[in-house]
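**Student:** Provided below are the primary sequence and the corresponding predicted coordinates.
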Amino acid sequence: MIEELKSLDELVAEAEKQGKTISALTLELQAASMKTTQEALTQKMHETLLIMRQSAENGMLETASPSGLSGGVAKKMAESQAGLLGDVAQKAVTYALAIAEHNACMGKIIAAPTAGSCGILPGILLALGECKDLSDDELVRGLFNAGAVGMVIAQNASLSGAQGGCAAECGSAGAMAACAVTELLGGTPTQCAHACAIAIKAIMGLVCDPVAGLVEVPCVKRNATGAAIALTAAEMALAGIESALPADQVIGAMKSVGCMMHESLRETSQGGLAATKTAREIEKRLRSK
C-alpha cells in the first residue's frame, strides 16, 4: 500500500490492484496523511468547486482588466456561431477564458494549479457537468483525481512558470484536467495516466512569456487552447489510444526541458512574445501610466 503521492504510475497500479478510482484512492490517502476525515476533505473540495463556478460566472461579466489587455473574449466565445467545437469543448473553452479574465481583473479564483493556468481545469469540469449532467459530487471526485496529478508533478517536476515555463503551468493543468475527465467518463486508472501523459507531451517546452509581466497576454488565451488540448488527450485515452511513454517518465522529461530553457523564457518577460516590438510598446505605455 502506497502512503504518499510521489508517482503517478505507482498510484495507478495501486488503484488498479484495489479496484478503485484514482480519486477514491487519493481521498483515502489524503485523509490519512492529514489526519482528518474523508467527509471533511470532500466538504472542503465542494467549497473549492463553488469558487470555481463563481469565478466562471463573474468572468463572463468582465469587460476590461485594469491594464485593458483582456476582457470580453469569454462573452464573444459564448456567442460564437462558427460551430467548430462540440458542446463540451465550446463551453470548456468559454469558461476557461472567463476564469482567466476574472483573474486578470483581480477577481477571486482557484489556482489550479496556478493563477496563470486557473481556467483550464475548472472550465472543463464545469462544462462537463452541464453537458454530461454530472453532479457536484462527481465533479468533486474529478478534483481529487486532478489533485493527485498536480501533487505528483509538483514533487517530480514543477508547477511554476519561473522554473519550467508555461508547460509547468498550462501543461500541468491540462494533464490534471485530462486525467480527471477520463475518470469521470468511465476510464480506468491506466487510461487516466495515458491521458495525463498525452496532454503533457502536447505542451512540452511551452515558454512562459507574459507581455509586460502581466498574466494576460498570451496567458488568457492559452487557458482556452490548453482546455482544448486536455479534452483531446482525454478523448484519445478513452478511445483506447495509449502513450508510448509512462506518465512518470513524461513528467520527468518535462522537468528536464524546463531546466534547459533559457531564463528569458521562464516568466521574466525578456523573451518570446514579451520581447516583440508590439509587446515592448504595450509595456512602455502601461509604465507611463
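**Tutor:** Everything's here; your move.

**Student:** contacts, neighbours, all on C-alpha from now
**Tutor:** OK.

**Student:** quick check on E79: phi, psi?
**Tutor:** When read as degrees, to the nearest 10, the backbone of E79 gives phi -90, psi 0.

**Student:** how far away is T37 from A148?
**Tutor:** T37 sits at a distance of 17 Å from A148 (criterion: CA to CA, to the nearest Å).

**Student:** which of the two has more neighbours?
**Tutor:** A148 (26 against 13; other CA atoms under 10 Å).

**Student:** on the three-state scheme, that one is what?
**Tutor:** helix (DSSP: H, G, I helix; E, B strand; the rest coil).

**Student:** do V250 as well
**Tutor:** helix.

**Student:** wait, it sits on I203?
**Tutor:** No. The pair V250 / I203 is not scored as a contact, 11.3 Å apart, by CA atoms under 8 Å.

**Student:** mind listing the helices for the stretch 101-250 of the chain?
**Tutor:** Taking DSSP state H, counting those that start in this stretch, the helices of the stretch 101-250 of the chain run over residues 120-131, 136-156, 161-164, 166, 172-184, 189-202, 219-238, 247-260.

**Student:** out of those helices, which is closest to S70?
**Tutor:** Counting by CA to CA, S70 lies closest to helix 219-238 out of the helices of the stretch 101-250 of the chain; the figure is 7.7 Å.

**Student:** C-alpha coordinates for that closest one, CSV please?
**Tutor:** Extracted in CSV, the C-alpha atoms of helix 219-238 (Å, rounded to 0.1, in the frame of the first residue of the first chain):
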residue,chain,number,x,y,z
CYS,A,219,-1.9,33.7,-20.8
VAL,A,220,-5.7,34.2,-21.0
LYS,A,221,-6.0,32.6,-24.5
ARG,A,222,-3.6,29.8,-23.6
ASN,A,223,-6.1,28.7,-21.0
ALA,A,224,-8.6,28.2,-23.8
THR,A,225,-6.2,26.3,-26.0
GLY,A,226,-4.9,24.3,-23.0
ALA,A,227,-8.5,23.2,-22.3
ALA,A,228,-8.9,22.0,-25.9
ILE,A,229,-5.7,20.1,-25.7
ALA,A,230,-6.8,18.5,-22.4
LEU,A,231,-10.1,17.4,-23.9
THR,A,232,-8.3,15.9,-26.9
ALA,A,233,-6.0,13.9,-24.7
ALA,A,234,-8.9,12.6,-22.7
GLU,A,235,-10.8,11.7,-25.8
MET,A,236,-7.8,9.8,-27.1
ALA,A,237,-7.3,7.9,-23.9
LEU,A,238,-11.0,6.9,-23.7
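
**Student:** just want the angle from it to helix 189-202.
**Tutor:** 140 degrees (axes from the mean of the first three to the mean of the last three CA atoms, to 10 degrees).

**Student:** which other helices and strands contact helix 219-238?
**Tutor:** Counting by 3 or more CA pairs under 8 Å, 6 or more residues apart in numbering; DSSP states H and E, the packing neighbours recorded for helix 219-238 are helix 87-104, helix 120-131, helix 172-184, helix 189-202.

**Student:** what's the most buried one of those?
**Tutor:** Greatest average neighbour count among these goes to helix 172-184 (a mean of 33), per mean count of other CA atoms under 10 Å.

**Student:** chain center to that helix: distance?
**Tutor:** 8 Å (CA atoms, centre = their mean, to the nearest Å).

**Student:** packing partners for it?
**Tutor:** Using 3+ CA pairs under 8 Å, 6+ apart: helix 172-184 touches helix 120-131, helix 136-156, helix 189-202, helix 219-238.

**Student:** can you point out the buried residues in the longest one?
**Tutor:** By neighbour count, and taking 16 or more other CA atoms under 10 Å as the criterion, the buried residues in helix 136-156 are 139-154, 156.

**Student:** stretch 20-39 now?
**Tutor:** 21-23, 25-31, 38.

**Student:** leaving out chain neighbours, which residue sits closest to A98?
**Tutor:** Leaving aside its chain neighbours, A98 sits nearest to G59 (4.2 Å; criterion: CA to CA, 6 or more residues apart in numbering).

**Student:** shared neighbours of V250 and I203, anything?
**Tutor:** Applying CA atoms under 8 Å, 6 or more residues apart in numbering, one finds that no residue jointly contacts V250 and I203.

**Student:** was I right to think G240 contacts Q191?
**Tutor:** Yes. With contact defined as CA under 8 Å, G240 reaches Q191; the gap is 7.5 Å.

**Student:** against H194, how distant is A247?
**Tutor:** On the measure of CA to CA, A247 and H194 end up 7 Å apart.

**Student:** then V215?
**Tutor:** 30 Å.

**Student:** still on that earlier bit, out of the helices and strands packed on helix 219-238, nearest to L286?
**Tutor:** helix 87-104 (14.8 Å).
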